[in-house]
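turn this into a model:
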Amino acid sequence: MKQLRYTLILPCFLFSLHVFADEYPLNPQTQGDVAFVSGGIGESERNAMKTIKGDYNLNLLFAAKGSGEFAADINVRITDTKGNTLVETVTDGPYLFARLKPGNYIVTAEKDGKVMRRKAKIGNRQTTSLSFYWPQE
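Numbering: from 1, shown residues only. Below you'll find the model as predicted:
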(Lines give C-alpha, C1' and ligand atoms only; values in the text may rest on other atoms or scores of the structure.)
Protein backbone atom coordinates (compact mmCIF):
# COMPACT_ATOMS: atom_id res chain seq x y z
CA MET A 1 0.00 0.00 0.00
CA LYS A 2 2.85 2.39 0.86
CA GLN A 3 4.53 1.67 -2.45
CA LEU A 4 1.32 2.44 -4.33
CA ARG A 5 1.00 5.76 -2.48
CA TYR A 6 4.58 6.75 -3.41
CA THR A 7 3.96 5.65 -6.99
CA LEU A 8 1.02 8.03 -7.18
CA ILE A 9 2.58 10.92 -5.25
CA LEU A 10 6.01 11.02 -6.92
CA PRO A 11 4.75 11.88 -10.44
CA CYS A 12 2.57 14.67 -9.01
CA PHE A 13 5.53 16.07 -7.09
CA LEU A 14 7.80 15.98 -10.14
CA PHE A 15 5.14 17.64 -12.29
CA SER A 16 4.72 20.42 -9.72
CA LEU A 17 8.47 21.13 -9.85
CA HIS A 18 8.25 21.57 -13.62
CA VAL A 19 5.33 23.98 -13.28
CA PHE A 20 7.15 25.93 -10.57
CA ALA A 21 10.28 26.20 -12.74
CA ASP A 22 8.24 27.55 -15.65
CA GLU A 23 6.48 30.06 -13.43
CA TYR A 24 9.76 31.53 -12.11
CA PRO A 25 12.28 31.17 -14.94
CA LEU A 26 14.48 34.14 -13.94
CA ASN A 27 17.33 34.30 -11.46
CA PRO A 28 17.66 37.85 -10.04
CA GLN A 29 21.11 38.56 -8.61
CA THR A 30 22.87 41.23 -6.59
CA GLN A 31 26.46 42.43 -6.72
CA GLY A 32 27.19 45.09 -4.13
CA ASP A 33 24.36 47.63 -4.29
CA VAL A 34 23.25 46.62 -7.78
CA ALA A 35 20.35 44.25 -8.41
CA PHE A 36 20.17 42.75 -11.89
CA VAL A 37 18.61 39.96 -13.88
CA SER A 38 19.30 38.50 -17.31
CA GLY A 39 17.42 36.10 -19.52
CA GLY A 40 14.87 36.12 -22.28
CA ILE A 41 15.46 32.76 -23.95
CA GLY A 42 12.14 31.21 -24.82
CA GLU A 43 8.68 32.68 -24.66
CA SER A 44 8.14 32.23 -20.92
CA GLU A 45 11.42 33.99 -20.06
CA ARG A 46 10.73 36.83 -22.52
CA ASN A 47 7.31 37.34 -20.96
CA ALA A 48 8.80 37.24 -17.46
CA MET A 49 11.44 39.81 -18.46
CA LYS A 50 8.76 42.11 -19.93
CA THR A 51 6.81 41.84 -16.68
CA ILE A 52 9.71 43.02 -14.50
CA LYS A 53 11.31 45.48 -16.92
CA GLY A 54 9.80 48.50 -15.15
CA ASP A 55 11.50 47.52 -11.88
CA TYR A 56 14.94 48.26 -13.35
CA ASN A 57 16.35 51.56 -14.62
CA LEU A 58 18.95 50.15 -17.04
CA ASN A 59 17.71 47.84 -19.80
CA LEU A 60 20.22 46.17 -22.11
CA LEU A 61 19.55 44.20 -25.31
CA PHE A 62 22.09 42.02 -27.17
CA ALA A 63 21.53 40.92 -30.77
CA ALA A 64 23.06 40.40 -34.21
CA LYS A 65 23.22 43.36 -36.57
CA GLY A 66 20.97 42.98 -39.60
CA SER A 67 18.97 39.92 -38.57
CA GLY A 68 18.17 41.06 -35.04
CA GLU A 69 18.78 37.49 -33.86
CA PHE A 70 19.11 37.53 -30.09
CA ALA A 71 22.52 36.90 -28.51
CA ALA A 72 23.28 35.32 -25.13
CA ASP A 73 26.39 34.45 -23.12
CA ILE A 74 27.58 38.05 -23.35
CA ASN A 75 30.29 39.19 -20.93
CA VAL A 76 28.98 42.38 -19.34
CA ARG A 77 30.71 44.84 -17.04
CA ILE A 78 29.10 47.94 -15.59
CA THR A 79 31.49 50.49 -14.09
CA ASP A 80 31.08 53.91 -12.57
CA THR A 81 32.97 56.91 -13.97
CA LYS A 82 35.86 56.25 -11.57
CA GLY A 83 36.37 52.81 -13.10
CA ASN A 84 34.94 50.84 -10.16
CA THR A 85 33.28 47.63 -11.35
CA LEU A 86 29.72 47.38 -10.03
CA VAL A 87 28.52 44.38 -12.05
CA GLU A 88 30.47 41.71 -13.86
CA THR A 89 28.48 38.81 -15.29
CA VAL A 90 27.72 36.61 -18.29
CA THR A 91 24.17 36.98 -19.56
CA ASP A 92 21.67 34.13 -19.51
CA GLY A 93 19.85 35.57 -22.52
CA PRO A 94 19.52 38.60 -24.77
CA TYR A 95 18.31 40.93 -22.01
CA LEU A 96 19.98 42.27 -18.89
CA PHE A 97 18.13 44.64 -16.57
CA ALA A 98 19.92 46.42 -13.69
CA ARG A 99 18.85 48.75 -10.89
CA LEU A 100 21.48 51.46 -10.43
CA LYS A 101 21.73 54.61 -8.35
CA PRO A 102 21.42 57.86 -10.34
CA GLY A 103 24.69 58.69 -12.05
CA ASN A 104 26.87 58.03 -15.07
CA TYR A 105 28.09 54.57 -15.98
CA ILE A 106 30.00 52.72 -18.67
CA VAL A 107 28.60 49.44 -19.93
CA THR A 108 31.08 47.11 -21.62
CA ALA A 109 29.77 44.10 -23.53
CA GLU A 110 31.94 41.42 -25.14
CA LYS A 111 30.91 38.69 -27.55
CA ASP A 112 33.42 36.42 -29.29
CA GLY A 113 36.28 38.79 -28.49
CA LYS A 114 34.49 41.84 -29.91
CA VAL A 115 34.08 44.56 -27.28
CA MET A 116 31.57 47.42 -27.29
CA ARG A 117 31.22 50.23 -24.79
CA ARG A 118 28.29 52.54 -24.19
CA LYS A 119 27.72 55.34 -21.72
CA ALA A 120 24.59 55.21 -19.59
CA LYS A 121 23.15 58.14 -17.68
CA ILE A 122 20.70 57.09 -14.99
CA GLY A 123 18.36 59.74 -13.60
CA ASN A 124 16.06 59.67 -10.58
CA ARG A 125 12.97 58.53 -12.47
CA GLN A 126 14.39 57.68 -15.85
CA THR A 127 14.98 54.35 -17.54
CA THR A 128 17.94 54.07 -19.88
CA SER A 129 17.87 51.47 -22.66
CA LEU A 130 20.97 50.44 -24.58
CA SER A 131 21.24 48.00 -27.48
CA PHE A 132 24.38 46.18 -28.52
CA TYR A 133 24.43 44.73 -32.06
CA TRP A 134 27.32 42.58 -33.28
CA PRO A 135 28.04 41.95 -36.96
CA GLN A 136 26.97 38.51 -38.17
CA GLU A 137 29.77 36.16 -39.03
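
spit out the contact partners of residue 103.
80-81, 121-122 (Cβ atoms under 8 Å, 6 or more residues apart in numbering). Bear in mind the C-beta positions are built from the backbone N, C-alpha and C, glycine included.

ok, of those, which come out buried?
In the contacts of residue 103, burial by neighbour count holds for residue 122, counting by 16 or more other Cβ atoms under 10 Å.

among the contacts of residue 103, name the ones in strands.
Among these, DSSP state E puts 80, 121-122 in strands.

nearest to residue 56 among those?
Proximity of these to residue 56 (Cβ to Cβ) peaks at residue 122, which lies at 10.3 Å.

quick check, the closest one in contact with residue 56.
No. With contact defined as Cβ atoms under 8 Å, residue 122 does not count as touching residue 56 (10.3 Å).

tell me which stretches of this protein form helices.
Using DSSP state H, the helices of the chain run over 2-23, 43-52.

least reliable of these going by mean pLDDT?
If you rank those by mean pLDDT, helix 2-23 sits at the bottom with a mean of 45.

so where's the chain uncertain?
1-25, 137 (pLDDT under 70).
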